[in-house]
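Trainee: return atomic coordinates for the entry below.
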Amino acid sequence: MSRLKKSFLALIILTLLLAVFLHYCDVVYGRIMAASFFSNLKNGHFQDASNDVYYSSQFNHGSDMRNANELWVNRVQDLKNRGTYIQDYQDLKVFHDDGEAVGKVTLSIMENGKSSNYSVIFYFNGNISNYGIARFEQVFDPGQTSEWQSAISGEI
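Mentor: Numbering: from 1, shown residues only. Okay, here's the model as predicted:
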């Protein structure tokens, strides 16, 4: 095979590998981020978990957004102090849904002395410099928003 044909074949292979990587990089990055987020929540490292949250506000309060990390950590810590916190997570998956990275996880949550399991879908938002987990939705009751869902979401 001539040198030109080998170079052309190598270029095609590299292009295909790059296309596959670019298509799935948000899923891989989202999986790493989600594992870090849930692990930090489980272990009570709320400040570290807050780095994996995408913050948003319906009302776009500039001052609230500047203090979003602190507000989020205080909200999650307050919920734990009142007896509701994530004990464990399992079956973590991140995949594409309509071209967007979406995750699914089963959370074991202690709520006022009673442990319950919830199957949850979570959504990412942002761009490469500001990417994070934005919101949660229960699989079996999508219209229901519980206190813990609101607390760990990025809505400020």
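
Trainee: going by C-alpha atoms from here, please, whenever you check contacts or count neighbours.
Mentor: Will do.

Trainee: count the residues that sit near Asn40.
Mentor: 18 (other C-alpha atoms under 10 Å).

Trainee: ugh, wrong one, Gly103
Mentor: Gly103 is flanked by 22 other residues according to other C-alpha under 10 Å.

Trainee: host element of the residue lying closest to it once chain neighbours are set aside?
Mentor: Closest residue to Gly103 apart from its sequence neighbours, by C-alpha to C-alpha, 6 or more residues apart in numbering: Val94 at 4.1 Å. Val94 belongs to strand 84-97 when assigned by DSSP states H and E.

Trainee: quick check: mean pLDDT across the longest helix anywhere in the chain?
Mentor: For the chain, the longest helix by residue count, based on DSSP state H, is helix 3-42. Mean pLDDT, computed over helix 3-42, is 88.

Trainee: just to revisit the earlier point, which is the next helix or strand following the strand holding Val94?
Mentor: Next along the chain after strand 84-97, taking DSSP H and E as the criterion, comes strand 100-111.

Trainee: hmm, back to that, tell me how far the longest helix of the chain lies from the chain's centre.
Mentor: 18 Å (C-alpha atoms, centre = their mean, to the nearest Å).
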